[in-house]
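>>> how would this look folded up:
(one chain, ligands or ions: 1)
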Amino acid sequence: MEKANETSDFESSQLGTKQYWETAYSREFKTFQDIGDIGEIWFGEDSQERMVDWLDDCDDVSKDDAVLDLGCGNGALLLELRQRGFTHLSGVDYVQEAINLAAGVLAKKGFTNVRLQTGDLTADLSSLPAVSCLRCKYRVCVDKGTYDAISLTPGGAKEEREAYRRNVRSLLQPDGLFLITSCNWTKQELMDFFQPDFKLASEIRTPSFQFGGKVGRSVTSLIFS
Ligand SMILES: C[S@@+](CC[C@H](N)C(=O)[O-])C[C@H]1O[C@@H](n2cnc3c(N)ncnc32)[C@H](O)[C@@H]1O
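Predicted coordinates for the structure are as follows:
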């Protein structure tokens, strides 16, 4: 997985370990405290805005629908959603430092009513207490780069990816929508993987490039129902 603005020093498989993210968010949280920089916007601000634009324009989604950010990291997507009027927001990440950073980023803009919790999206959610964010039902779940990170779990990630798919399905209301933005998987690969449990509902147009006469995309953004 490639960062939006720089290339990581780490081997890509390390992005599939919790230790990598703990180190990254400890550093980013300290930087945020020192100079107020919120850290990496994965896949760039445009990518985040395209997801929020799509939700904003969707007649079926209202601003008070429950939205969960899966693997919220620094909370930048939640901040964008909140600033665009979405009021019923939650974020989970399996790294406590990410949750601390997201809470700081949102609080700095005066948003203290976003529900933030640690949680592993590949775990058995049925064993969590009923009050957990991961036992609630959402109208919308958003993922920007989290399924990509899970897919890099050392050892092939098959079980983790399947657990993630199962968990996202269980987090959604029956009429729920799952927005996923990925730079590791093509549209076809995402459809092949998610379609046993989800149906492709829409696609967000993302910039394309041409190479050797073929059209490719660096980021894929799909909506499943
Ligand atoms: C590429 S970053 C993207 C962060 C955020 N979605 C964004 O767009 O800025 C991947 C995120 O997924 C989180 N993550 C990875 N595996 C996870 C898991 N099993 N459960 C919850 N969060 C996870 C990481 O801690 C990290 O915040």
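>>> Where is the longest helix in this protein?
Counting by DSSP state H, the longest helix found in the chain is helix 18-35.
>>> Can you tell me which helices and strands that one packs against?
With contacts taken as 3 or more CB pairs under 8 Å, 6 or more residues apart in numbering; DSSP states H and E, helix 18-35 sits against helix 96-108. Using the backbone N, CA and C atoms, a C-beta is placed for each residue, glycine as well.
>>> The helix it packs on - contacts with which helices or strands?
Judged by 3+ CB pairs under 8 Å, 6+ apart, the packing partners of helix 96-108 are helix 18-35, helix 76-83, strand 88-93, strand 115-118.
>>> Tell me which residues are up against that helix.
Helix 96-108 is contacted by residues 21-22, 25-26, 28-29, 32-33, 36, 38-39, 72-76, 78-79, 82, 91, 93, 112, 114, 116-118 when judged by CB atoms under 8 Å, 6 or more residues apart in numbering.
>>> among these, which are in reach of the ligand?
21, 72-74, 76, 93 (CB under 6 Å from any ligand atom).
>>> could I get these as a markdown table with pLDDT and distance to residue 179?
Output for those, formatted as a markdown table (pLDDT from 0 to 100; distance: CB to CB, whole Å):
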| residue | pLDDT | distance to residue 179 |
| --- | --- | --- |
| 21 | 97 | 21 |
| 72 | 98 | 13 |
| 73 | 98 | 16 |
| 74 | 98 | 18 |
| 76 | 98 | 15 |
| 93 | 98 | 17 |
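>>> Pick the most deeply packed of the helices and strands packed on helix 96-108.
Among the helices and strands packed on helix 96-108, strand 88-93 has the highest mean neighbour count (mean count of other CB atoms under 10 Å), at a mean of 24.
>>> re earlier: farthest-apart pair in the ones next to the ligand among the contacts of helix 96-108, please.
Longest distance between any two of these is 15.1 Å, between 21 and 76; criterion CB to CB.
>>> one step back: send me the longest helix of the chain as PDB with only the CA atoms.
What follows is helix 18-35, C-alpha atoms only, in PDB (Å, rounded to 0.1, in the frame of the first residue of the first chain):
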ATOM      1  CA  LYS A  18      -0.700  -3.800  14.900                       C
ATOM      2  CA  GLN A  19       2.800  -2.900  16.000                       C
ATOM      3  CA  TYR A  20       3.400  -0.900  12.800                       C
ATOM      4  CA  TRP A  21       0.300   1.200  13.500                       C
ATOM      5  CA  GLU A  22       1.000   1.600  17.200                       C
ATOM      6  CA  THR A  23       4.400   3.000  16.300                       C
ATOM      7  CA  ALA A  24       3.000   5.200  13.600                       C
ATOM      8  CA  TYR A  25       0.200   6.700  15.600                       C
ATOM      9  CA  SER A  26       2.300   7.200  18.700                       C
ATOM     10  CA  ARG A  27       4.600   9.400  16.500                       C
ATOM     11  CA  GLU A  28       1.700  11.100  14.900                       C
ATOM     12  CA  PHE A  29       0.000  11.800  18.200                       C
ATOM     13  CA  LYS A  30       3.100  13.300  19.600                       C
ATOM     14  CA  THR A  31       3.500  15.500  16.500                       C
ATOM     15  CA  PHE A  32      -0.100  16.600  16.800                       C
ATOM     16  CA  GLN A  33       0.500  17.600  20.500                       C
ATOM     17  CA  ASP A  34       3.700  19.400  19.600                       C
ATOM     18  CA  ILE A  35       2.700  21.300  16.400                       C
END
